[in-house]
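Enquirer: Have a look at this prediction, sequence included:
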Amino acid sequence: MKRMIIQGGNRLSGEVTIGGAKNSTVALIPAAILADTPVQFDTVPDILDVHNLMIILKSMNVKSKFSHGVLDIDPTQIVEAELPSKAIKSLRASYYFMGALLGRFHRATLTFPGGDNIGPRPIDQHLKAFKAMGAEVSEEGGTVHLDATKNGLHGARVFLDMVSVGATINAILAAVRADGTTIIENAAREPEIIDLATFLNNMGAKVRGAGTGTIRITGVNTLQSMNTHTIIADRIETGTYLSLAAALGDGIMIHNVIPEHLESFTSKMIEMGVDLQIDSDKIFVPKVTHLKGIHVKTLPFPGFATDLQQPLTPLLSLADGDSTIVDTIYPKRVKHVPELQKMGMNIEAHDGTIIVKHTDHLHGTNVEAGEIRAGAALTIAGLMADGTTVINNAGNILRGYDRIVWKLNRLHANVAIEDDSSVKID
Ligand SMILES: CC(=O)N[C@H]1[C@@H](OP(=O)(O)OP(=O)(O)OC[C@H]2O[C@@H](n3ccc(=O)[nH]c3=O)[C@H](O)[C@@H]2O)O[C@H](CO)[C@@H](O)[C@@H]1O
Ligand SMILES: C=C(OP(=O)(O)O)C(=O)O
């Protein structure tokens, strides 16, 4: 098991460049198996989810090579195979192989995905979309079987009961090579869905309306890649560095940013009193002297992202006055709260509301990254704290933060990853 070891207390400064978006990348890789040609992605983040998706590709005889942010995938010799359940369970987005395999072979068998433990994460809307498109769906012992081999996949009208990123993407993946037109209503509008549609459309797909609540997909017979797809910048990684820079920076420039994807987040930081200097593709965070408490409610995009409520909590603890967070997407996503309490933070979770009060002093201790963004919150808190913080289960952080140790140390932090289970602090 990996641990992150942080010697806290350094002020940070300098520059950091944001990587490609995890939540785009993990949809684009399964989408690549729909192509009839090799495909290439660049600005691919170096994260565990990518390496685990490559293991899944290999099990289907899909060769992939990842070097210096460029990922080449050759799906032209793909075969149907049993997918490795350990890799499937290591991340959430492995469920995108359901839609992609249905599109490619008209059938798929997968164990239930893993991913962050952030409360119930049903996939009923994904299965509803597959059924509407003609797939027979059955589940037994944690395995899902999808089969549309008898009559093929056909276009359908799918109204999602709730706005779901995963169900929207899975429905698109199944629909791009189906017969006829699929209409997804109440679709999620996240930028990562637009990125996926851009990749597919550049290969000849007909996906219209991505980024709005209604997406129309007309199936095509073949998808052929002609160029390299550059993955959009990770808005959640950006928000994490914005929070970190405001909490303990003496002036930090964040490059490769799409500010329009972060307006719900940056507007809250500005409301707190952070004098962000927002440019077309970079944001400068000056040294912060005074912060006010704020109230945050997470919502589907373009609302405040559930993945950014945790990385904001260390910054909220520096504000005068109380702040509150209500996570309407995942009300039970509070794994960071007891761990931050161990470090001395004045934070509580009651009846679906997280309350953060002013905290003068954080101290390093042994804590647990119960999920990726809890890990991000603990990383920022550890950098702010006196002494040594040991974050257990740091694999959860490495699932989604591109070269985080290297990036933090370039900002003058003191962070390392160790595998040694004997690391202890007094
Ligand atoms: C790989 C990826 O992109 N992960 C993101 C994706 O997760 P993911 O795609 O799993 O999240 P969804 O958007 O599907 O979930 C939104 C809400 O809908 C519910 N729901 C979803 C599907 C379903 O079939 N039934 C159902 O009830 C969920 O429990 C949740 O309350 O969006 C989440 C919400 O922005 C983010 O936190 C994750 O980082
Ligand atoms: C919840 C997240 O990821 P996943 O859906 O991959 O578990 C996240 O990125 O915050």
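Expert: That came through, no problem. Residues are numbered from 1 along each chain as shown. Ligands and ions are numbered 1, 2, ... in the order given.

Enquirer: pLDDT on stretch 44-52, on average?
Expert: Per-residue pLDDT over stretch 44-52 has a mean of 97.

Enquirer: and if you look at stretch 254-273?
Expert: The predicted model assigns stretch 254-273 a mean pLDDT of 98.

Enquirer: Off-centre distance for that stretch?
Expert: 17 Å (Cα atoms, centre = their mean, to the nearest Å).

Enquirer: start to end distance for that stretch?
Expert: 18 Å (Cα to Cα, to the nearest Å).

Enquirer: residues of it that come out buried?
Expert: Across stretch 254-273, burial judged by 16 or more other Cβ atoms under 10 Å covers 254, 256-259, 261-262, 264-266, 268-269, 272. C-beta coordinates here come from the backbone N, C-alpha and C atoms, glycine included.

Enquirer: low-scoring stretches of the stretch 101-250 of the chain, by residue?
Expert: Low-confidence segments of the stretch 101-250 of the chain, defined by pLDDT under 70: 115-116.

Enquirer: what are the ranges of the helices in it?
Expert: Taking DSSP state H, counting those that start in this stretch as the test, the helices found in the stretch 101-250 of the chain are 124-132, 165-175, 191-202, 235-248.

Enquirer: is ligand 2 contacted by the second one?
Expert: So that's helix 165-175. No - if you take Cβ under 6 Å from any ligand atom as the test, helix 165-175 misses ligand 2, and the best it gets is 7.6 Å.

Enquirer: That helix and ligand 1, are they touching?
Expert: Yes - shown here: helix 165-175 in contact with ligand 1 (Cβ under 6 Å from any ligand atom) through 165-167.

Enquirer: quick one: which of the buried residues of stretch 254-273 sit in helices?
Expert: Taking DSSP state H, the ones among these that sit in helices are 264-266, 268-269, 272.

Enquirer: any idea how far ligand 2 is from Thr49?
Expert: To be clear, residue 49 is Asp; Thr isn't right here. According to Cβ to the nearest ligand atom, to the nearest Å, Asp49 stands 7 Å off from ligand 2.

Enquirer: Next up, the contacts around the closest residue to ligand 1 within the chain.
Expert: Of the residues in the chain, the one nearest ligand 1 is Gly166, at a distance of 2.8 Å by Cβ to the nearest ligand atom. The contact partners of Gly166, by Cβ atoms under 8 Å, 6 or more residues apart in numbering, come to 92-93, 95-96, 123, 126.

Enquirer: Now neighbour count too, for these, in TSV please.
Expert: Shown next, in TSV, are the contacts of Gly166 (neighbours: other Cβ atoms under 10 Å):
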residue	neighbour count
Arg92	21
Ala93	24
Tyr95	27
Tyr96	27
Ile123	19
His126	25
